[in-house]
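# What follows is a predicted structure for the sequence shown.
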Amino acid sequence: METRIQELEKATADIRERLARMESGLAHVATKADVMSVKTDVMSMEGTLLKWFIGTAIALAGLAFAAAKLIH
């Protein structure tokens, strides 16, 4: 029984070291809240870019029709 306890005490130091390494690595892992925040930002940016694209397309079409009317 004593030998088992001594082996477990030796293993405890290794386990604590491994746990410390895992905990230090967790600081760099994104949480669900971080992922949702990025997802929200991307969706917002997508909407903004779509509005700019449609607005630019309409403006260029109007410019093309105005130029065609002046040339004709």
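Great, that's in hand.

# what about residue 7, distance to residue 19?
Separation of residue 7 from residue 19 (CB to CB, to the nearest Å) stands at 18 Å. Bear in mind the C-beta positions are built from the backbone N, C-alpha and C, glycine included.

# so who does the spatially most central residue of the chain touch?
Nearest to the mean C-alpha position of the chain, by CA atoms, centre = their mean, lies residue 38 at 4.7 Å. Not one residue lies near residue 38 by CB atoms under 8 Å, 6 or more residues apart in numbering.

# Secondary structure element holding it?
Here residue 38 sits within helix 32-71, counting by DSSP states H and E.

# One more: residue 29?
If you go by DSSP H and E, residue 29 is not part of any helix or strand.

# Now residue 27. Its backbone dihedrals?
Residue 27 adopts backbone torsions of phi -70, psi -20, taken as degrees, to the nearest 10.

# Within its local environment, how many residues does it see?
Neighbour count of residue 27, defined by other CB atoms under 10 Å: 6.

# how close does it sit to residue 35?
For residue 27, the distance to residue 35 equals 16 Å [CB to CB].

# sorry, back to before: how much space between the residue nearest to the centre of the chain and residue 25?
Following CB to CB, the distance that separates residue 38 from residue 25 is 20 Å.

# got the domain boundaries for the chain?
Following automatic domain parsing, one gets these domains for the chain: 1-30, 31-72.

# looking at those domains, which has the lowest confidence?
For those, mean pLDDT drops lowest on domain 1-30, to a mean of 86.

# from the middle of its chain, how far away would that domain be?
In this view, domain 1-30 has its centroid 31 Å away from the chain centroid, taken as CA atoms, centre = their mean, to the nearest Å.

# So for that domain, what gets flagged as buried?
Residues of domain 1-30 classed as buried: none (neighbour count, 16 or more other CB atoms under 10 Å).

# Use 34 as the first number for this chain going forward.
Sure, I'll start numbering at 34, so the last one becomes domain 34-63.

# so where does residue 57 fall, helix or strand?
For residue 57, the element it lies in under DSSP H and E is helix 35-59.

# which residues sit against that helix?
Contacts for helix 35-59 (CB under 8 Å, 6+ apart): none.
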